[in-house]
Structure formats: structure tokens, C-alpha cells
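[1] Here is my input, please return the structure:
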Amino acid sequence: MSSAKPLRGVRILSLALNLPGPAALMRLAQMGARCTKVNPPAGDPMQHYTPDGYALLHKGVVHRTLDLKTELGQKTLHKLLSSTDVLLTSFRPSALVKLGLGWRTLHKQYPTLSLIEVVGAPGPLAEIPGHDLTYQAEVGLVNGMDLPPSLFADMGGALMASEASLKAVLSRQTSGQGSRHEVALSEAAAWLALPRQLRMTTPDGAVGGAHAGYRIYACKNGRVAVAALEPHFAASLCKAAGIPLTHTVKDLFKPETQQAVAAFLASKTRLQLDKLAADKDIPLLTLPR
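    Presented below is the predicted three-dimensional model:
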């Protein structure tokens with residue numbers, strides 16, 4: 001990561017619970033922002049189901065515990081808001097209004113304060129409950145009965161929230177006013193699923209298995225992730241495997257090329273393939289079974 005701190009001196013206050021808010025806060029702290037996290041008396045749910053992960057994401061973050069449903073909690077919160085540049089939330093819009101933190105109210109009280117609202121879905125759909133799994137399922141990233149290997153909607157939303165915070169800071173530098181930015185996890189999932197929608201990662205797609213140079217293959221004592229997508233990388237792989245090519249791009253999509261590459265890799269150990277990658281400048285990574 002770059003050592004630059006573009007948010008040095010910017011004060012971020014987060015009320016956002018679960019993964020997206022903390023992950024965004026981690027990014028903002030890494031960019032130099034002064035970050036404070038306000039948790040309810042019961043704590044952030046993430047503290048209970050992934051305590052080590054919570055601690056990692058909040059490294060260097062100041063913690064406060066406030067009951068925002070009480071007069072004292074509200075008073076303390078507004079004292080914090082008076083010296084805050086960006087407020088990060090993850091409540092439904094109706095819940096924010098009930099807490100007196102709707103955008104109109106906030107902007108009237110604190111004209112230079114920006115609000116980043118992390119919601120499930122955009123606009124009126126923000127009131128409908130959902131989570132990472134439902135947003136990934138909606139855009140075709142859930143296959144069969146297996147859970148996705150990562151929380152892509154949450155992490156994509158965290159990146160969008162940190163990006164929105166940067167937008168807010170830049171906007172205030174020119175306008176002198178705070179601004180509101182909505183970050184929808186469903187839209188983050190849709191953005192990450194775009195290669196799927198473009199059929200790039202479907203079985204007939206170049207990076208979905210149709211290209212012989214971009215697949216997972218078995219080797220003698222494990223697996224190998226081959227990413228020889230560009231013609232010169234693919235040509236190097238095929239040359240090493242003794243596979244003649246007449247038209248590099250077209251030949252890489254032929255089943256017989258894939259079979260020949262599979263047979264070559266299956267005859268090699270991980271150590272041999274690691275050496276081949278280094279010697280021939282081929283992008284591949286060996287893995288255990």
C-alpha cells in the first residue's frame with residue numbers, strides 16, 4: 001500500500017456495524033483519517049462472531065460505546081458530530097430518521113458534515129432486509145448449494161464506501177458544504193458480478209474455462225492455477241508443453257489444446273512447475289490438492 005496519507009487530519013465517525021462499515025473504516029484509517037467507532041451497548045455483532053477480524057479492521061480506531069436511544073447517548077453523539085467531517089452509517093433510512101440522523105436534519109445542524117449511508121439496496125429498496133448472501137445470489141454469484149468463498153458484496157461495498165468518503169472530502173474542498181452519498185451493497189455485488197453478466201466467467205468465456213491457458217489443472221502432487229491468457233504467455237506455455245500452434249488465440253479455445261495442456265501439467269510436480277514458471281515467465285501458481 002502507498003505510504004501517502006490523503007485523508008490526514010480528516011475526522012471520520014462510524015456507526016456502521018458488521019463487515020462493510022469496519023472494512024471501510026480500515027481503509028480510511030490506512031489513508032490517514034482519524035477514525036472513531038461508536039458501538040451500541042451490546043457491541044458490534046462482528047465483535048462476537050469474528051473477534052480477531054474485528055480487532056484487525058479497527059486497528060488504530062478510537063472506540064466509544066453509546067446508547068443512541070437515550071438522551072445522554074444522543075448528547076454525546078452530537079458533541080462528537082460537531083467536530084466530525086464524515087459520518088459513516090449502516091442503518092436503514094427509517095432508523096436513521098428515528099435517531100435524528102436523517103440527511104436533512106444533519107445537514108441543517110452541521111453544514112460541512114458529509115454522510116455516507118451503507119444500505120442493502122438503493123432508494124426505497126433500502127428498507128428491505130438483506131445480507132451479502134442475498135445480494136450475491138441476486139446477481140448470479142451463488143452456485144448450487146455452496147456458500148460463496150468470500151463476502152464479495154460486503155467487501156465491494158466497503159471499497160465503495162471509502163471511495164464515497166474521498167468524494168465527500170473532495171467535494172467539500174470545492175463547495176465548502178457536506179454531501180450525502182448512498183452506498184448499496186446490492187450495487188456493489190452487481191459491479192463485482194459484471195464479468196459474469198458479460199459472459200467472461202461463464203464456462204464458455206475466456207476466463208471461465210474455455211481458454212486452455214486460463215484454468216485450474218491437476219498436476220502430479222496437487223493443482224495448478226494457470227493464467228496464461230495473453231497470447232505471448234499462452235505461446236510460452238504451449239511451447240513448454242510441446243503443443244504446436246497455428247493460430248495462438250483460436251487454438252487456445254480448442255478442446256484438444258486443453259487436453260494436451262492438461263496431460264502435460266498432470267505429468268509434472270509442483271516443484272517442476274514452479275521452476276517452469278520462473279524459467280519461462282509463465283503466470284501460474286501451484287496449489288496443494
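[2] low-scoring pLDDT stretches of the stretch 101-250 of the chain, where are they?
    Counting by pLDDT under 70, the stretch 101-250 of the chain contains no low-confidence range.
[3] Strands of this protein, residue ranges please.
    In the chain, the strands defined using DSSP state E lie at 11-14, 34-39, 62-65, 86-89, 114-119, 180-184, 214-219, 222-227, 284-287.
[4] For the last one, list every residue counted as buried.
    For strand 284-287, the neighbour count (16 or more other Cβ atoms under 10 Å) marks 284, 286 as buried. Heads up, the C-betas are built off the backbone N, CA and C, glycines and all.
[5] Make JSON lines from the strands of the chain and add distance to residue 135 to it.
    As requested, these are exported to JSON lines (distance: least, Cβ to Cβ, whole Å):
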{"stretch": "strand 11-14", "distance to residue 135": "21"}
{"stretch": "strand 34-39", "distance to residue 135": "24"}
{"stretch": "strand 62-65", "distance to residue 135": "28"}
{"stretch": "strand 86-89", "distance to residue 135": "18"}
{"stretch": "strand 114-119", "distance to residue 135": "11"}
{"stretch": "strand 180-184", "distance to residue 135": "9"}
{"stretch": "strand 214-219", "distance to residue 135": "26"}
{"stretch": "strand 222-227", "distance to residue 135": "27"}
{"stretch": "strand 284-287", "distance to residue 135": "29"}
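[6] mind checking which of those strands is nearest residue 237?
    strand 222-227 (6.9 Å; Cβ to Cβ).
[7] For the closest one, which helices and strands make contact with it?
    Using 3 or more Cβ pairs under 8 Å, 6 or more residues apart in numbering; DSSP states H and E, the elements in contact with strand 222-227 are strand 214-219, helix 255-266, helix 270-280, strand 284-287.
[8] out of these, nearest to residue 64?
    Proximity to residue 64, assessed across the helices and strands packed on strand 222-227 by Cβ to Cβ, is greatest for strand 284-287 (43.3 Å).
[9] that older thread, which one of the strands of the chain lies nearest to residue 77?
    Closest among the strands of the chain, once you apply Cβ to Cβ, is strand 34-39, at 6.8 Å.
[10] before we move on, back to that, distance to residue 37 added to the helices and strands packed on strand 222-227, as CSV?
    Shown next, in CSV, are the helices and strands packed on strand 222-227 (distance: least, Cβ to Cβ, whole Å):
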stretch, distance to residue 37
strand 214-219, 39
helix 255-266, 48
helix 270-280, 43
strand 284-287, 36
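[11] Can you say which of these is nearest to residue 84?
    strand 284-287 (43.7 Å).
[12] Listing partners with orientation, what would you give for the closest one?
    Strand 284-287 has these partner strands in its sheet, going by DSSP bridges: strand 222-227 (antiparallel).
[13] report the angle between the axes of the partner strand and strand 214-219?
    160 degrees (axes from the mean of the first three to the mean of the last three Cα atoms, to 10 degrees).
[14] chain center to strand 222-227: distance?
    24 Å (Cα atoms, centre = their mean, to the nearest Å).
[15] quick one: buried residues of it?
    Buried-residue list, strand 222-227, by 16+ other Cβ under 10 Å: 223, 224, 226, 227.
[16] Between the helices and strands packed on strand 222-227, which one is closest to residue 201.
    strand 214-219 (10.1 Å).
[17] Give me the residues contacting the closest one.
    The contact list for strand 214-219 (Cβ atoms under 8 Å, 6 or more residues apart in numbering) reads 206-207, 209, 223-229, 258, 261-262, 265-266, 268-270, 273, 286.
[18] same thing with stretch 34-43?
    With Cβ under 8 Å, 6+ apart, stretch 34-43 has contacts from 9-15, 17, 22, 25, 28-29, 44, 47, 58, 60-68, 77, 80, 84.
[19] Buried members of the residues you listed into PyMOL, please.
    Per 16+ other Cβ under 10 Å, the buried members of the contacts of stretch 34-43 correspond to this PyMOL selection:
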select buried, resi 10+11+12+13+14+15+17+22+25+28+29+44+47+58+61+66+68+77+84
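[20] The contacts of stretch 34-43 in helices, which ones?
    22, 25, 28, 29, 47, 77, 80 (DSSP state H).
[21] Now for residue 88, how many residues are close by?
    A count of nearby residues for residue 88, using other Cβ atoms under 10 Å, gives 29.
[22] Specify the beta-bridge partners of the residue nearest to it when sequence neighbours are not counted.
    The shortest distance from residue 88 to any non-neighbouring residue, by Cβ to Cβ, 6 or more residues apart in numbering, is to residue 14 (4.2 Å). Note on residue 14: beta-bridge partners residue 37, residue 88, judged by DSSP bridges.
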